[in-house]
Every structure is written in C-alpha cells, then in structure tokens.
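Novice: what's the 3D shape of this:
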Amino acid sequence: MSEKISELILNICKKAKKASYILARLPTEVKNKALYNMADALEKNAEEILEANKKDVEASRAKGVKEALLDRLILTKSRISKMAQCLREVAELPDPVGEIVKTWTRPNGLIIGQIRVPLGVVAVIYESRPDVTSDATGICLKSGNAVILRGGSDAINSNIVIGKILSEAAISSGIPEGAIQVVPVTERSAALELMKMREYVDVLIPRGGAGLIRAVIENAKVPVIETGTGNCHIYVESDADLDKAVNIIINAKCQRPGTCNAAEKLLVHRDIAQKFLPRIINELRNHGVEIRGCEETRKIVPDVKPATEEDWYTEYLDLIIGIKVVSGLDEAIAHINKYGTKHSDAILTSDFNKALRFIKDVDSAAVYWNASTRFTDGNQYGLGAEIGISTQKLHARGPMSVQHLTSIKYFVLGRGHVRE
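Specialist: All right, here's what the predicted structure looks like:
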C-alpha cells in the first residue's frame with residue numbers, strides 16, 4: 001500500500017472526526033438550510049454532473065458492463081432532480097438528534113433517561129450508484145454525522161463532482177469543512193485503509209454486491225452494518241389473484257432489474273402451476289427475461305433453461321429469473337429461509353392467515369403481502385432517502401434513514417445521590 005494513499009485516508013478521517021464534534025451540536029435549522037441549499041446546488045449544476053457521468057458511462061460501456069448494471073450508473077436530469085428532492089424530504093424529517101427517547105424515576109429518586117446522539121463518523125463504501133453519494137450525505141448530515149464516501153471506480157467522476165457540489169453548498173450554509181468528503185482515488189488499497197480507521201470511523205456501511213460486502217466484513221476493523229444483496233422471492237399461492245400476480249411479478253423483476261429489491265426468484269404453488277406458469281413465463285419473456293426453472297417447471301414449459309443449485313442462491317441483478325414449483329406455504333417458507341438473503345420477500349394470496357404466517361416465519365428485513373418487492377426503499381417507506389437496506393439484526397434492519405444513524409446516550413439526574 002503506498003504511503004501516499006495511507007496518508008490521504010488518514011487526513012480525510014482526521015478532518016471528518018474533527019467535523020463530527022461540531023456537527024453533533026449544530027441546530028436543526030442550520031442542517032435543514034444546508035440540505036435545501038445542497039438540493040438547489042445539485043439542480044443548478046446538473047450539466048456539470050451529467051458531463052462527469054457521461055465519462056463514467058462511456059468507460060463502463062467500453063468495458064462491456066451489462067445494460068441492467070449500467071442503469072444504476074446512468075444519471076439524467078430527472079434523476080438529479082430526484083436526488084435533490086430526496087435531500088429536501090430529509091430536511092422535512094424530524095431531527096432525531098437530542099430526542100428524549102424515554103425517562104423513568106428509580107425508587108431512590110434518581111431520574112434516568114435516554115437521548116439520541118449521532119454515531120459520529122460514518123464511512124460508506126459502495127459501487128456503481130452515484131445517487132448514493134447524495135442520499136448518504138443528506139442522511140448523515142441530518143443525523144449529525146460526518147460522512148466519508150468511497151464509491152466504485154466506475155462512478156469516480158460522477159462522485160467527485162457530486163461530492164464537491166454538496167460540500168461547497170453545505171460549508172456555505174454553516175456546516176464544518178470535512179463533514180462531507182469523497183475519497184478521490186480508486187485504488188483498492190484506499191478502501192482497505194479506510195476499513196482499518198477504527199480510531200476515527202464509528203461505523204462502516206457497505207453498499208453493493210456480495211463480493212464487496214464479503215470483502216468489507218472480512219477486512220474491516222471498524223464496526224460494520226451489513227446492507228443486503230437481494231436474492232428476493234415472490235411466492236404465488238393457489239388462491240392468488242393471477243391478474244394482479246402478473247402485474248406484481250413484472251414490476252418486481254423488470255422495472256429496474258439491477259437493484260437489490262428486484263425479484264430474483266418466483267415460487268409457484270403446484271395446484272396452479274399448470275395454469276399460471278405458461279402465462280407468466282410468456283409475459284416475462286415479452287419483457288426480455290431469461291427463465292431458469294426447476295424440473296417441474298420444465299415439464300410444463302419444456303424450453304425453459306434448467307436451474308442449478310447455484311441459481312437458487314444467486315442474485316442476478318439482470319433480466320434473469322429462477323422459477324420453482326412448490327407444494328405449498330411450508331415449502332415456500334423453507335426455500336426462502338434457506339436460499340434468500342434476508343432482504344425482501346413477498347406472498348401473493350387472498351388468505352389472511354397464510355399471509356400472516358408468511359410475514360411471521362420468513363426471516364427477512366421486509367416481507368410483503370400482495371405487493372412488489374420494489375417498494376423496499378427508504379423514500380417509498382416515508383423515511384426520506386436511505387443510506388442502505390440492512391439485512392442484519394443488530395443496530396438496524398431494513399431501510400436505514402436518519403434515526404438509524406443515531407445511538408442512545410443515558411443521562412442520570414440526581415440531587416446529591418450516592419450509592420449505598
């Protein structure tokens with residue numbers, strides 16, 4: 001690892017730590033003003049962002065990146081406006097910092113309380129989505145945290161420009177310098193160095209594919225919140241409304257197949273497989289989806305490509321779907337809990353009790369009844385933007401917004417109390 005990169009990361013972390021102490025005590029009004037100004041700056045400088053993004057897209061196309069993955073990289077004026085709107089929505093959210101969670105009085109008269117405080121310095125390591133630069137920045141700022149952003153090499157030009165625009169607008173609004181920083185180099189050693197900065201970084205959030213998340217978990221000395229790969233399932237029960245099922249499945253698989261909340265597997269009850277599979281497979285193929293199916297699926301639709309054991313574990317992030325015929329709810333739940341990634345899974349049924357059983361027994365961050373998995377999103381949940389979708393159970397689970405980037409501090413009020 002070059003000394004130059006090591007020194008760069010250390011300086012970034014030191015600046016972030018210094019800024020975090022100032023951020024933690026900033027009034028809500030200052031943070032909100034910064035968020036609104038940052039949103040305006042994104043829209044005002046859209047052409048500069050698009051020019052940088054064009055370089056990233058052209059470089060990725062030259063490397064042969066698939067169109068479904070390119071979709072995550074591409075920015076448009078509309079997407080930049082959406083990024084700006086997310087910042088404005090975060091500004092409208094209640095400020096979690098300083099919230100009194102609860103208080104209680106002990107028999108000896110001591111008053112015990114819990115208050116929300118920022119985590120401190122949040123580092124985000126992510127791949128090809130430049131909108132993460134804006135979303136993560138907004139959430140960290142509102143929750144009083146400094147943020148260090150290390151995006152992938154495929155979006156480096158976009159990230160640097162977006163980070164510069166956001167930082168300049170924030171500083172001019174009263175946010176301390178160093179609160180928003182983009183790592184300006186693409187070497188892997190920079191990410192590895194960042195993962196070891198336990199003295200300065202309070203939490204590390206990886207956003208990307210299984211390889212990135214595994215690398216962070218294996219190498220990080222900083223506490224990590226895992227965000228998910230999304231091997232998401234939709235299970236169609238025998239009593240499902242099949243017209244609605246078709247619409248939900250097409251939306252979940254095809255709207256944006258390169259996202260972590262896109263459906264990757266379809267489970268169909270055996271009693272309706274003969275009737276439903278030809279219809280849904282034909283519809284999926286009309287949308288350009290490659291089908292990989294179990295033996296029963298292939299008996300009903302013979303030209304389906306056989307699914308392997310590896311397929312059931314795979315997050316495709318592409319126009320590919322695996323289909324399996326199951327005997328019922330028990331098998332569907334068991335299959336999801338074995339092969340899924342604890343992200344988002346749905347049941348399509350008209351039976352409340354079956355839906356309730358699915359919701360209780362499927363071990364995922366988000367479970368759906370008669371709705372597309374594509375709704376797993378902080379903005380769609382009314383949380384404003386999100387910094388990631390946690391698939392673990394400690395600290396936070398599901399879409400993480402401003403309240404999830406705070407911790408609890410106890411305060412104790414006495415009147416000369418001493419312990420006996």
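Novice: how is the chain divided into domains?
Specialist: The chain breaks down into these domains under automatic domain parsing: 3-226+392-413, 232-375.
Novice: would you format those as CSV with mean pLDDT, distance to Gly382 and mean neighbour count included?
Specialist: In this view, the C-beta of every residue, glycine as well, is placed from N, C-alpha and C. Below are the domains of the chain laid out as CSV (pLDDT from 0 to 100; distance: least, Cβ to Cβ, whole Å; neighbours: other Cβ atoms under 10 Å):
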stretch, mean pLDDT, distance to Gly382, mean neighbour count
domain 3-226+392-413, 94, 9, 19
domain 232-375, 97, 11, 19
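Novice: tabulate these in JSON lines, adding columns for distance to Glu386.
Specialist: Listed next are the domains of the chain as JSON lines, based on distance: least, Cβ to Cβ, whole Å:
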{"stretch": "domain 3-226+392-413", "distance to Glu386": "4"}
{"stretch": "domain 232-375", "distance to Glu386": "11"}
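Novice: nearest to Glu420, out of those?
Specialist: Among the domains of the chain, domain 3-226+392-413 comes nearest to Glu420, with 8.7 Å by Cβ to Cβ.
Novice: tell me what the helix or strand containing Asp243 is packed against?
Specialist: Under the criterion DSSP states H and E, the helix or strand holding Asp243 is helix 242-254. Counting contacts by 3 or more Cβ pairs under 8 Å, 6 or more residues apart in numbering; DSSP states H and E, helix 242-254 packs against strand 232-236, strand 263-269, helix 270-286, strand 344-348.
Novice: hmm, who's touching that helix?
Specialist: With contacts defined as Cβ atoms under 8 Å, 6 or more residues apart in numbering, helix 242-254 is touched by 232, 234, 236, 262-264, 266, 272, 275-276, 279-280, 283-284, 287-289, 319, 321, 346, 348, 370-374.
Novice: Ile225 against Ala396, yeah?
Specialist: Yes: contact criterion Cβ atoms under 8 Å: Ile225 and Ala396 qualify, at 6.3 Å.
Novice: can you list residues touching both of the two?
Specialist: With Cβ under 8 Å, 6+ apart as the test, Ile225 and Ala396 both reach Ser390.
Novice: helices of the stretch 251-400 of the chain, start to end?
Specialist: 270-286, 295-300, 309-313, 329-339, 352-361 (DSSP state H, counting those that start in this stretch).
Novice: nearest to Asp95, out of the ones you listed?
Specialist: Using Cβ to Cβ, the nearest of these to Asp95 is helix 352-361, at 31.8 Å.
Novice: just checking, Leu204 touches Arg198?
Specialist: No: assessed by Cβ under 8 Å, Leu204 is found out of contact with Arg198, at 9.6 Å.
Novice: intersection of neighbour lists for those two?
Specialist: Val222.
Novice: secondary structure class of Ile115, three-state.
Specialist: strand (DSSP: H, G, I helix; E, B strand; the rest coil).
Novice: so it touches Pro96, yeah?
Specialist: No: in this structure, Ile115 is not within contact of Pro96 by Cβ under 8 Å, at 10.2 Å.
Novice: any chance of the helices and strands packed on helix 242-254 in JSON lines, plus distance to Lys299?
Specialist: Formatted as JSON lines, those follow (distance: least, Cβ to Cβ, whole Å):
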{"stretch": "strand 232-236", "distance to Lys299": "18"}
{"stretch": "strand 263-269", "distance to Lys299": "13"}
{"stretch": "helix 270-286", "distance to Lys299": "9"}
{"stretch": "strand 344-348", "distance to Lys299": "23"}
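Novice: of all those, which lies closest to Gly209?
Specialist: Smallest distance to Gly209 across the helices and strands packed on helix 242-254 (Cβ to Cβ): 12.7 Å, for strand 263-269.
Novice: next one: the closest one to chain centre, how far?
Specialist: Taking the mean C-alpha point of strand 263-269 and that of its whole chain, the gap between them comes to 22 Å (Cα atoms, centre = their mean, to the nearest Å).
Novice: show me what it packs onto, helices and strands only.
Specialist: Judged by 3+ Cβ pairs under 8 Å, 6+ apart, strand 263-269 is in contact with strand 232-236, helix 242-254, helix 270-286, strand 320-326, helix 329-339.
Novice: and the last one, how far from the chain's centre?
Specialist: Just to be clear, that refers to helix 329-339. 24 Å.
Novice: now do the shortest one
Specialist: In terms of Cα atoms, centre = their mean, the centre of strand 232-236 is set 20 Å apart from its chain centre.
Novice: next secondary structure after the helix or strand hosting Met38?
Specialist: Under the criterion of DSSP H and E, Met38 resides in helix 28-44. Sequence-wise, the next helix or strand downstream of helix 28-44 (DSSP H and E) is helix 46-62.
Novice: and the angle for that next one with helix 28-44?
Specialist: On the basis of axes from the mean of the first three to the mean of the last three Cα atoms, to 10 degrees, helix 46-62 is oriented at 70 degrees to helix 28-44.
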